[in-house]
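>>> Pasted the sequence and its predicted model underneath.
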Amino acid sequence: MKTLNIIETAYRATIEEQDDTIVWITHAMKGAGADLSVLLRGNAVNYAVKGQDASGLSFGSEKQTHPPMIAEDVAALMKKGVAVYIAEEDVAARGLERTDLIEGLKPVSRAGIAKLFDEHDQIWNW
Amino acid sequence: MAEKKTLTFAVMDAAYENARTTTALRLMDIAARRGYDINVFAYEGAVTLPFSKQSPHPNAVHGRDADQEDHPLPRKFIAGLMKTAKEKGGKVDWINCGLCVDERGVAEAIEGVRRGSPGDLVKCAQSSDNTLVIGTR
């Protein structure tokens, strides 16, 4: 069973979690033997932007010592064999250039998303 | 009688935060009444849904004490789903993401809820007729 995980809601509790929870669960499920792909769309296309730095945050005396490194986590997914698609129009709408993004992503047009769905057995829209 | 199905739901919203939870429980209710086998993987805030220490409260705005108010408790809805599913020949296998439980300190869950991991979601999905993810927005 091949499943497409769609990630659209971005930066939800990523400071508290030190992760994006859906990128994280995709890693965990891949480790458990699942056959998965990922589609980044909407604000989540920003997960692929290089050079993000969420370090240095503290609340009073309490420091956040391990900031999320989501672009690196997405890149690590691809190294594990998870195809990561990214919605072209959502990238363009945010003024991002291809050179702003990590390597290895598979751009997909809005019109191509239906075909992408057809290539998977299940679509999980997180 | 309709053919028996096995359905998996992945839910994320915390108790008392969003109408998506009501929608998810309504869908599960339909499946339970049909005698389907239901798997639920509660991820992130959704692990609070079967928290056993949820307590009813009075409502001064309504002018009712706690008994009169009979405040809805998600844990009771889930227990009701489990009861109905069993009566109809199905079952509810409710799995709380263990790490999510630990983060939130909500280890006390109603009877019938078990602790699990993302690997359990994979197994449930692979053994189900279909899977519905109801994520947080």
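Happy to help now that I have it. Numbering: from 1, shown residues only, chains lettered A, B, ... in the order given.
>>> Only C-alpha atoms from now on, for both contacts and neighbour counts.
Noted.
>>> Get me the contact residues on chain B for chain A.
Residues of chain B lying near chain A by C-alpha under 8 Å from any C-alpha of the partner chain: B:118-119, B:121-122, B:126, B:130-137.
>>> Skipping its backbone neighbours, what lies nearest the closest residue to chain A within chain B in space?
Residue nearest to chain A within chain B: B:Gly135 (4.4 Å; C-alpha to the nearest C-alpha). Closest residue to B:Gly135 apart from its sequence neighbours, by C-alpha to C-alpha, 6 or more residues apart in numbering or on different chains: A:Trp126 at 4.4 Å.
>>> in chain B, which spans are strands?
B:6-11, B:37-42, B:91-97, B:113-116, B:130-134 (DSSP state E).
>>> which one of those is the most hemmed in?
strand B:37-42 (a mean of 25; mean count of other C-alpha atoms under 10 Å in any protein chain shown).
>>> From the chain's centroid, how far away is stretch A:13-22?
12 Å (C-alpha atoms, centre = their mean, to the nearest Å).
>>> So which bits of that stretch are buried?
A:Thr14, A:Ile15, A:Gln18, A:Asp19, A:Asp20, A:Thr21, A:Ile22 (16 or more other C-alpha atoms under 10 Å in any protein chain shown).
>>> Could you verify my assumption that the second one touches A:Ile70?
So that's A:Ile15. No: in terms of C-alpha atoms under 8 Å, A:Ile15 does not count as a neighbour of A:Ile70; the distance is 10.8 Å.
>>> By pLDDT, give me the weakest of the residues of chain B next to chain A.
Scanning those for pLDDT, the smallest score is found at B:Arg137, 88.
>>> ok, which stretches of chain A are strands?
Counting by DSSP E, the strands of chain A are A:2-7, A:35-40, A:58-59, A:62-63, A:83-87, A:106-108, A:122-125.
>>> which bits of chain A sit near chain B?
A:Met1, A:Thr9, A:Ile25, A:Ala28, A:Met29, A:Ala32, A:Gly33, A:Ala34, A:Gln122, A:Trp124, A:Asn125, A:Trp126.
>>> Let me see the contact set for the fifth one.
This points to A:Met29. A:Met29 makes contact with B:Pro118, B:Gly119, B:Leu121, B:Val122, according to C-alpha atoms under 8 Å, 6 or more residues apart in numbering or on different chains.
>>> I'd like to know how far the last one sits from B:Gly80.
Distance of B:Val122 to B:Gly80, given as C-alpha to C-alpha, to the nearest Å: 26 Å.
>>> now do the third one
With distances defined as C-alpha to C-alpha, the gap from B:Leu121 to B:Gly80 amounts to 23 Å.
>>> between these two, which one's more packed in?
Per other C-alpha atoms under 10 Å in any protein chain shown, whichever of B:Leu121 and B:Gly80 has more neighbours is B:Leu121, with 26 against 14.
>>> got the contact list for that one?
For B:Leu121, counting by C-alpha under 8 Å, 6+ apart, the contacting residues are A:Met29, B:Ala10, B:Phe41.
>>> Please name the bridge partners of the last one.
When assigned by DSSP bridges, B:Phe41 has beta-bridge partners B:Ala10, B:Ile95.
>>> I'd assumed B:Val11 was in contact with it.
Yes: under the criterion of C-alpha under 8 Å, B:Phe41 makes contact with B:Val11 at 6.4 Å.
>>> What is the neighbour count of A:Leu36?
Neighbours around A:Leu36, by other C-alpha under 10 Å: 21.
>>> Next up, the contacts around it.
A:Leu36 neighbours (C-alpha under 8 Å, 6+ apart): A:Lys2, A:Thr3, A:Leu4, A:Asn5, A:Thr26, A:Lys30, A:Val82, A:Ala83.
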